[in-house]
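A.B. asks: Sequence plus the predicted model coming up.
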Amino acid sequence: MESMHTSPNSTTFPLPPIELQTIPNLSDTIPNLPTLPNPIDKSPYYHPDPSFYLSSCDVILRQIIFDFSSSSSSSPLLAYHRAGPRRFIRFDSDDVRVAIVTCGGLCPGLNTVIRELVVALWDLYGVRQIFGVQSGYRGFYSADMVELNPRVVDNWHLRGGTALVTSRGGFDLEKIVGAIEKRGFNQVYCIGGDGTMRGAVKIFNEIQRRKLHVSIIGIPKTVDNDIGIIDRSFGFQTAVEIALQAIHAAHVEAESAVNGVGLVKLMGRNTGHIALHATLSSRDVDCCLIPEIDFYLEGKGGLFEFLDQRLRKNGHAVLVVAEGAGQNLIPRTESQKAEEDESGNPVFLDVGPWLKSELNNWWKRDHPGELFTLKYIDPTYMIRAVPANATDNLYCTLLAHSSIHGAMAGYTGFVSGQINGNYAYIPIEEVAAAKNAVDVKDHKWAWLRSVTNQPDFQQA
Ligand SMILES: Nc1ncnc2c1ncn2[C@@H]1O[C@H](COP(=O)(O)OP(=O)(O)O)[C@@H](O)[C@H]1O
Ligand SMILES: O=P(O)(O)OC[C@H]1O[C@](O)(COP(=O)(O)O)[C@@H](O)[C@@H]1O
Ligand SMILES: [Mg+2]
């Protein structure tokens, strides 16, 4: 690409065109929506000057790293609307009736998101009709709603789990949209992972088809951090922090034994982000196994050979395995191959006990009579059943506030998420389809390998 020199110390390059990922607004399909000044104008705590409010022209670029030598840099740059308060809103606060639902597995921070949705809807926008849907999507049609207000949710951010209760399965589109219509909800906040977002897309499409005055908002939750586009999911950092405690214990046990091995299994069905980040933060891990890389046990370049060398050199080793790693190696019956959970996710076999038994058998076979101690730690639910740490609590708060500002402005079918450190509105279909695997070709994975010196498992 041709460069234009403007001064001896700077070089100017033209940027490719910017393609904005627009978000639907209720005003696109519903005629005569009110256009009202934002009640934040009258808040005694805010003194909005003209730059306080954002408009549809405020955007965030998805990609902020460029290689100006590359010809591919002429393809358009994706941009998203910036999240934040709008000068005019499309709901009269007295008419807003909110439903909040949590679905899927637990994640640190769920209660904070719920709390902050309630408090900010109440305090910033004067909304008084706020309801919690109990037990996930099925709660829309099978359980009583709980009325929420700032007093009820006051200390929820200090508690792990979800006070609204969650579940997998139970997605019945007709019944859910029927309940939304019957109960008169006009803002529905769906907090959950990829499955929940796929469900929210279907609800959004049906609401559009029926031309209902209802905003559907997604707030992505995944302890595995496997949702794409966004920088990271809330609760992920807390989970990594707790995972480190397990790794530390495994290291202490391994160090204190003859030929000691500490084996830690961490969450991560399809992606190894927790294992990768915990390994990089710990520096005590000798080998990290993730779903993105197939590994093998026997022979040259295999796990046994590597551990053998480590034990000879250091007398101990620590192994971290993500739950989705090695699934292709674990023997599985025909019925196990077909097993699915209530949401249709394939059921994984437990890699931890399998690997423990393989390691014990290997040692007995190859080192008969030599001492060997393997301690296995499975902190699975401990890392996600805790309250969010300070960083995640703040993140949850800003996600909740971003969602509310977007919904009150009439946006629908969107997800609030952080992109390159800023808060954005992303079309919900895009988030539902975007995966976030560990990129094993990038610098972070190379760094991990340089820290652990583990095999690349390419020689089988
Ligand atoms: N493709 C889908 N369409 C509609 N609903 C779905 C879909 N996948 C999952 N769901 C629903 O979303 C909820 C949570 O899904 P699940 O996969 O268990 O968790 P997560 O959202 O954390 O990935 C469940 O109620 C499930 O029925
Ligand atoms: O035992 P449960 O509740 O089905 O949850 C276990 C699964 O949930 C997960 O935590 C994934 O949840 P996320 O949707 O939060 O990423 C996996 O790591 C794990 O396989
Ligand atoms: Mg999921």
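C.D. replies: Received, thanks. Ligands and ions are numbered 1, 2, ... in the order given.
A.B. asks: State which one residue of the stretch 51-200 of the chain is found closest to ligand 3.
C.D. replies: The shortest separation between the stretch 51-200 of the chain and ligand 3 is 3.8 Å, found at Gly193 (distances taken as C-beta to the ion). Heads up, the C-betas are built off the backbone N, CA and C, glycines and all.
A.B. asks: contacting residues for that residue?
C.D. replies: Applying C-beta atoms under 8 Å, 6 or more residues apart in numbering, we find Gly193 in contact with Cys103, Gly104, Gly105, Cys107, Pro220, Lys221, Thr222, Asp224, Asp226, Ile227.
A.B. asks: from those, which is closest to Arg283?
C.D. replies: Within the contacts of Gly193, distances to Arg283 taken as C-beta to C-beta reach their minimum at Asp224, with 22.6 Å.
A.B. asks: For that closest one, list the residues it contacts.
C.D. replies: Residues Gly193, Met267, Gly268, Arg269, Asn270, Thr271, His273, Ile274 are the ones in contact with Asp224 under the rule C-beta under 8 Å, 6+ apart.
A.B. asks: Apply 6 Å and report the result again.
C.D. replies: Under the criterion of C-beta atoms under 6 Å, 6 or more residues apart in numbering, the neighbours of Asp224 are Met267, Gly268, Thr271.
A.B. asks: Around ligand 1, pick out the residues from this protein.
C.D. replies: 103-105, 136-137, 168-171, 192-196, 198-199, 202, 343, 345 (C-beta under 6 Å from any ligand atom).
A.B. asks: Ramachandran coordinates for the closest residue to Arg269 other than its chain neighbours?
C.D. replies: Beyond its immediate neighbours in the sequence, the residue positioned closest to Arg269 (C-beta to C-beta, 6 or more residues apart in numbering) is Gly324, lying 4.6 Å away. According to degrees, to the nearest 10, the main-chain angles of Gly324 amount to phi -90, psi 0.
A.B. asks: Gly324: neighbouring residues, count only.
C.D. replies: Gly324 is surrounded by 22 other residues when neighbours are defined as other C-beta atoms under 10 Å.
A.B. asks: For it, list the residues it contacts.
C.D. replies: Counting by C-beta under 6 Å, 6+ apart, Gly324 touches Gly268, Arg269, Asn270, Pro291.
A.B. asks: Closest one of those to ligand 3?
C.D. replies: For the contacts of Gly324, the closest approach to ligand 3 (C-beta to the ion) belongs to Arg269, at 7.4 Å.
A.B. asks: Look at that closest one and report its pLDDT.
C.D. replies: Among the per-residue scores, Arg269 holds a pLDDT of 93.
A.B. asks: Quick check: it vs Glu116, distance?
C.D. replies: The gap separating Arg269 from Glu116 is 28 Å, by C-beta to C-beta, to the nearest Å.
A.B. asks: do Pro31 as well
C.D. replies: Distance of Pro31 to Glu116, computed by C-beta to C-beta: 33 Å.
A.B. asks: Repeat that for Val386.
C.D. replies: Spatial separation of Val386 from Glu116 under the definition C-beta to C-beta is 18 Å.
A.B. asks: Flag every residue of this protein that's near ligand 3.
C.D. replies: With C-beta under 5 Å from the ion as the criterion, the chain meets ligand 3 at residues Gly193, Asp194, Gly195.
A.B. asks: In helices, which of the residues you listed fall?
C.D. replies: If you go by DSSP state H, those have Asp194, Gly195 in helices.
A.B. asks: any chance of the residues of the chain next to ligand 3 in a markdown table, with distance to ligand 2 too?
C.D. replies: Formatted as a markdown table, the residues of the chain next to ligand 3 follow (distance: C-beta to the nearest ligand atom, whole Å):
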| residue | distance to ligand 2 |
| --- | --- |
| Gly193 | 3 |
| Asp194 | 7 |
| Gly195 | 7 |
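A.B. asks: Which of the contacts of Gly193 fall within strands?
C.D. replies: For these, membership in strands holds for Pro220, with DSSP state E as the criterion.
A.B. asks: just the contacts of Gly193 now: which is nearest Gly260?
C.D. replies: Set against Gly260, the nearest of those by C-beta to C-beta is Asp224 (29.0 Å).
A.B. asks: Look at that closest one and report its pLDDT.
C.D. replies: So Asp224 comes in at 96 (pLDDT).
A.B. asks: Check Ala460 too.
C.D. replies: Each residue has a pLDDT score; the one for Ala460 is 59.
A.B. asks: go on, Leu173?
C.D. replies: For Leu173, the pLDDT comes out at 98.
A.B. asks: Make 39 the first number, not 1, from now on.
C.D. replies: Got it, the first residue is 39 from now on, which makes the last one we talked about Leu211.
A.B. asks: Just the pLDDT at the nearest residue to it once chain neighbours are set aside, thanks.
C.D. replies: Once its chain neighbours are removed from consideration, Leu211 has its nearest residue in Lys240; the separation is 5.4 Å (C-beta to C-beta, 6+ apart). Per-residue confidence (pLDDT) for Lys240: 98.
A.B. asks: quick one on the thing from earlier: tell me which of Pro69 and Glu154 has more neighbours.
C.D. replies: Ranked by neighbour count (other C-beta under 10 Å), Pro69 and Glu154 place Glu154 first, with 23 against 6.
A.B. asks: Please report phi then psi for whichever residue of the stretch 389-498 of the chain sits closest to ligand 1.
C.D. replies: For the stretch 389-498 of the chain and ligand 1, the shortest gap (C-beta to the nearest ligand atom) falls at Ala470, measuring 8.1 Å. Taking degrees, to the nearest 10, you get phi -60, psi -30 for the backbone angles of Ala470.
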